[in-house]
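[1] Kindly return the folded structure for what I paste below:
(chains A and B)
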Amino acid sequence: MLFEEYVAARYVSLRRMAFLLCGDWAEAEDLVQESLLRSHAKWGRIHRDDPHAYVRRAVLNGAHNWRRSRRLCGPLPEWLQAAPAHVDDRLDLIAALRKLPLEQREVLVLRYFEQLSEREIGAELGIPTGTVKSRAARGLAALRSAGLCEEVQA
Amino acid sequence: MSIEDLFQRTSVLNEPAVPSDVPARVAQDRRKQRRARTAVAASMLAVIAVVGAAVLVVHPRGTRALPGATVPAGWSDLPASPLSARRDARAVAVGSRAYFFGGWAGEPCPAVLGDCVSPGALLDGAWYDVETAVWHRMSNAPDELGSGGTAVVGSTIYVERDGDQALMAYDTTTDHWTDIPEPAGLQGRFYNYELVSAAGRLFSCYGGSEGYPDQVYDASRRSWSDVPPDPLGRSLLRSCAGAGGLFVVMGTRYAQDIGTAGPLYARAAAFDVASQTWNALPDSKANSTMPGWTWDGTELVQAYLEAPYQGPLPGGGRLNPVTGSWSVLPDPPSVSAAFDLRVSGLRIKAAPGNGPAYDTREQRWTTIPKAPDGVTQYPSEVWVGDALVAWGGGSHPNSRRTFATELGSSGAMYRLEPGTVHQDTASPETPHVGRTGSTTCPGTKPCYFDTNVTYELTLDGKHISGGKHTLDASRTYELELTVNASRRVSVTRYWFGESSGAIGIGGENGPTGIRFLQTGDQLTSGSPIRLQWHPAVTGHRFLSLVIEDHVAGGRTSQEGLTVGEFEISAG
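    As a prediction, this is how the structure comes out:
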């Protein structure tokens, strides 16, 4: 798959995943753009395998790098700050996700947005399946305490 | 409603349109407009410091060289410093002084602990005068200095703290620290702003693609004001540089345009601080946006060994901000795989071992030899005139570790030695010299592959050229392909298609039955590869290649370059 083909097919999805990770569209855009540029440099190697897994991993790595420099998830965007709580469950989810450690957040996003299995998440993140389960359980517990996903079993 | 539904619905909450404001055609039109103008001012810089920047030996015009009598060529030890051992101290040059301040006495956080705060942050500092060979203490900073950018405006060192992006100023004449306000609106953004000194003013420049204005600081009023919007529009990898009286901004197009619009070429514009006007500069045809563009008094210069976004690139480039002319630096000396190169912007020196450096005055690469014993592997370093002053830092006994563990407080200074030239001077950016055969770009998409390419094909050791060649699929043939190009290229795909220029999308067993034949790796110019037959490949077949130009970031069109025609019988 050519790089342009991949970007055309996956850009929107990548940006949505990044938005769930950071709760800010502008930052999601930058995160994805940077990840794509990094991936492009290695496209000759990765395009034959599973480029989406590689780019998705680049997005997650980027989120971790930015968090390390304390640039991930700064102040809530104004539109989100102004939104009343418990009116729109989507706003509640974004706010709740932002309060989670990134390790839990990425597991939930991979599980429920990318719809990967726990085993696939473990392989993608390089962590045991048990760790995936425990992070997902803690993340879901936090979402439930925010009044979300109360019916979901970990 | 399932949790998956909630995540999917939330993922489109207030979703803005996917940016499409830099389509290839618009970009081309802009380029034409720019060419029609008289190229005026300055240029460029870059942003995300993830890269392999190399040592750059900058000799600003008019800068006083160090007295040769007191500073011998080669390495010499510094006297003992008043500072304790530390890693990652800031290193800044002001006049003949090398300032070292901040840093950490403790171990850095392990990479896996993203929320960890490195312990042992230090507030003190000292400066070393290379002319008097004497150390002097600085007053302590009022707060942790962290890591981040610095800029020198006159006698003031501005220090940005990465993370919370607090700003401090140190007056070298009064030895006094003050907090200064941060540029408005940039707290908590993903990308840091960059501090730039231009026209005797301090500028801030946001590195992200969103539209946060660049700002200029008024020291007398202690306030920032917006710089008028630059003419580049929305750009990726924004970065800025000071170039005399010009504030220069650079960026690239969006990732979506890679391969069609050449987005990794640098785009640049210069803001004349005196007239408060922007001038768009011609786009580069070979240089990329990378961290570490430095003003040497006439040109902005960048040297690097490796690029993150585009694979191998030349060793950097130069831009004259007045004429708008770009040039390409020669390739750096080869660096062995074992060479432990640690670079960041203009700061580098990889000790022990040789390290390449580009001398802006001589316009050539040179090599810095191993530092004296006692100097750590990763000292803080800064160029003061002709001398590289290195102090402190740490060494790690296990080279696979990414952080230093044995801290040092020794220092040394290196003056360039003559006779270590590796390569010739920079050459003008040459528009690509021509095209070969069917590298023309059919279809509607623009093609940015202009590199002059020749190729040789041998079948069982015998050179073959045009015309159809009959093969027996039951036999094994040795088909060897060698591509030679005027610039760095690689063959990223090759295949035997059923028609000239036909390509199946989707890998092996694509919709047209074309099977991709895998190479072990990319084919670099001049290195032959042996192609493999596959039993499924029979009938009338055309051998086609996709060749990628690493300099331009473009490639042959999707249809590829057809280099051979075969009639393959089933045997």
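
[2] chain center to the longest helix seen in chain A, what's the gap?
    When every helix of chain A is counted residue by residue (DSSP state H), the longest turns out to be helix A:3-22. Relative to its chain's centre, helix A:3-22 lies at 11 Å (C-alpha atoms, centre = their mean, to the nearest Å).

[3] May I see the buried residues of that helix?
    The neighbour-count check on helix A:3-22 (16 or more other C-beta atoms under 10 Å in any protein chain shown) flags A:3-4, A:6-7, A:10-11, A:14-22 as buried. C-beta here means a position set from N, CA and C on the backbone, and glycine is covered the same way.

[4] ok, now stretch A:98-116?
    Across stretch A:98-116, burial judged by 16+ other C-beta under 10 Å covers A:98, A:100, A:102-114, A:116.

[5] How many residues are close by B:Ser139?
    Neighbourhood size, B:Ser139 [other C-beta atoms under 10 Å in any protein chain shown]: 15.

[6] Quick check: what element follows the helix-or-strand element of chain A with minimal mean pLDDT along the chain?
    Using mean pLDDT, DSSP states H and E, the weakest-scoring helix or strand in chain A turns out to be helix A:78-81, at a mean of 60. For helix A:78-81, the following helix or strand on the C-terminal side (DSSP states H and E) is helix A:89-99.

[7] Can you give the contact residues for stretch A:125-143?
    Residues outside stretch A:125-143 that contact it (C-beta atoms under 8 Å, 6 or more residues apart in numbering or on different chains): A:60, A:93, A:96-97, A:99-100, A:103-108, A:110-111, A:118-119, A:121-122, A:149, A:152, A:154, B:3.

[8] at 7 Å instead, please
    Identification of contacts with stretch A:125-143 by C-beta atoms under 7 Å, 6 or more residues apart in numbering or on different chains yields A:96, A:99-100, A:103-105, A:107-108, A:111, A:118-119, A:121-122, A:149, A:152, A:154.

[9] Next, count neighbours for residue 129.
    With no chain named, the answer covers chain A. Neighbour count for A:Thr129, taken as other C-beta under 10 Å: 14.

[10] ah, I was thinking of chain B
    Number of residues near B:Asp129 (other C-beta under 10 Å) recorded here: 14.

[11] List the contacts of residue 103.
    No chain was given, so I picked chain A. Neighbouring residues of A:Glu103 by C-beta under 7 Å, 6+ apart: A:Arg135.

[12] Wait, chain B was what I had in mind.
    Counting by C-beta under 7 Å, 6+ apart, B:Gly103 has contacts B:Arg86, B:Arg87, B:Asp88, B:Ala89, B:Leu122, B:Gly392.

[13] Among these, which lie within strands?
    Within those, residues falling in strands by DSSP state E are B:Gly392.

[14] Report the buried members of the contacts of B:Gly103.
    B:Arg86, B:Arg87, B:Asp88, B:Ala89, B:Leu122, B:Gly392.

[15] Nearest to B:Pro213 among those residues?
    B:Asp88 (30.8 Å; C-beta to C-beta).

[16] I figured the closest one was touching B:Trp104, is that so?
    Yes - in terms of C-beta atoms under 7 Å, B:Asp88 counts as a neighbour of B:Trp104; the distance is 6.0 Å.

[17] show me what contacts the residue nearest to the spatial centre of chain A?
    Nearest to the mean C-alpha position of chain A, by C-alpha atoms, centre = their mean, lies A:Leu21 at 3.9 Å. By C-beta under 7 Å, 6+ apart, the residues touching A:Leu21 are A:Ala63, A:Arg105, A:Glu106, A:Val109.

[18] and if we set it to 6 Å?
    If you count contacts by C-beta atoms under 6 Å, 6 or more residues apart in numbering or on different chains, A:Leu21 has them with A:Ala63, A:Val109.

[19] Which pLDDT does the model give it?
    You'll see A:Leu21 listed with a pLDDT of 89.

[20] if I pick the nearest residue to B:Leu13 once chain neighbours are set aside, what's in contact with it?
    In this structure, B:Leu13 finds its nearest non-sequential neighbour in A:Arg90, 4.6 Å apart by C-beta to C-beta, 6 or more residues apart in numbering or on different chains. Taking C-beta under 6 Å, 6+ apart as the criterion, A:Arg90 is in contact with B:Arg9, B:Thr10, B:Leu13.

[21] sorry, back to before: mind putting the contacts of B:Gly103 in a markdown table, distance to chain A and pLDDT included?
    Shown next, in a markdown table, are the contacts of B:Gly103 (distance: C-beta to the nearest C-beta, whole Å; pLDDT from 0 to 100):
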| residue | distance to chain A | pLDDT |
| --- | --- | --- |
| B:Arg86 | 20 | 91 |
| B:Arg87 | 16 | 86 |
| B:Asp88 | 14 | 85 |
| B:Ala89 | 18 | 92 |
| B:Leu122 | 19 | 90 |
| B:Gly392 | 22 | 91 |
